[in-house]
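Participant: sequence plus predicted model, see below.
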Amino acid sequence: MEILYPYAKRIIDIILSIILLILFSPIIFFTALLIKIDSPGPVFADTPKRVGKNGKLFHMYKFRSMVKNAHEALIKDPNFQKLYNEYKKSGYKLREDPRITKAGRFLRKHSFDEIPQFINVLRGDMSIVGPRAYYPDELEDQQKKYPYTKEAVKIVLSVKPGITGVWQVSGRSEINFDKRIQLDSKYASKKSILYDFIIIIKTPAAMIFGKGAM
């Protein structure tokens with residue numbers, strides 16, 4: 001069964017992505033409209049590439065929930081220096097982020113900003129279920145902070161990152177890197193279609209209630 005797992009997973013990814021993109025098409029339209037009305041800038045987020053399977057970098061499609069060029073501003077703008085230091089110290093997440101737009105707070109809480117990632121799934125960059133996709137600098141810094149996670153990181157990078165995953169339905173941003181990477185490494189080692197479906201079933205509740213979202 002383990003030999004067939006990647007093929008079965010890929011078929012399920014393609015079929016579900018097409019179905020969900022069609023079902024979510026009204027939400028996609030109104031989300032794009034809301035973003036354009038709420039703040040100046042593109043509909044999609046302009047963010048750095050993420051680390052995918054076997055360390056391959058890819059561009060993740062997300063609806064923009066922050067001001068234009070938010071990630072670049074965080075790193076280069078002197079006004080955000082204190083915020084950037086806090087961002088790194090708190091495990092690459094911020095509870096109060098001034099870059100998030102009004103519409104963006106709603107989109108992030110209910111994970112609507114993640115919907116375009118189904119395009120990444122169709123392209124083969126991601127799976128519907130999988131580990132979190134990290135920024136390269138984030139992954140490097142967090143391993144320095146938690147050196148005992150290096151083996152777990154290797155296991156996590158042996159599979160495609162996902163739109164949803166075990167950490168997203170277990171507290172999401174409330175979980176620190178070391179615990180999150182351990183959860184994801186256990187998931188990556190399981191290679192179970194049944195486990196994937198259990199995570200998929202739990203995902204809508206995490207989206208609706210926005211538990212741990214930032």
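Facilitator: That came through fine. Numbers count the residues shown, from 1 in each chain.

Participant: quick one: the strands in the chain, in order.
Facilitator: Counting by DSSP state E, one finds strands in the chain at the ranges 50-51, 57-58, 127-129, 162-164.

Participant: nearest to I115, out of those?
Facilitator: Minimum separation from I115 across the strands of the chain (CB to CB) falls at strand 162-164, 8.6 Å. Any C-beta I mention is one placed from the backbone N, CA and C, and that applies to glycine too.

Participant: gap between the closest one and the chain center?
Facilitator: Centroid separation for strand 162-164 versus its chain: 6 Å, with CA atoms, centre = their mean, to the nearest Å.

Participant: over to stretch 2-10?
Facilitator: On CA atoms, centre = their mean, the centre of stretch 2-10 falls 22 Å from the chain's centre.

Participant: for stretch 195-212, same thing?
Facilitator: Here stretch 195-212 is found 14 Å from its chain centre; the criterion is CA atoms, centre = their mean.

Participant: let me see the contact set for M207.
Facilitator: H110, S111 (CB atoms under 8 Å, 6 or more residues apart in numbering).

Participant: as CSV, could you dump the C-alpha coordinates of stretch 65-74?
Facilitator: Output in CSV follows, covering the C-alpha atoms of stretch 65-74 (Å, rounded to 0.1, in the frame of the first residue of the first chain):
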residue,chain,number,x,y,z
SER,A,65,-4.3,39.8,3.4
MET,A,66,-1.7,42.5,4.1
VAL,A,67,-0.6,45.8,2.7
LYS,A,68,1.3,45.7,-0.6
ASN,A,69,4.9,44.4,-0.4
ALA,A,70,4.3,43.5,3.3
HIS,A,71,7.1,41.0,3.6
GLU,A,72,9.7,43.2,2.0
ALA,A,73,8.6,46.1,4.2
LEU,A,74,9.0,44.0,7.3
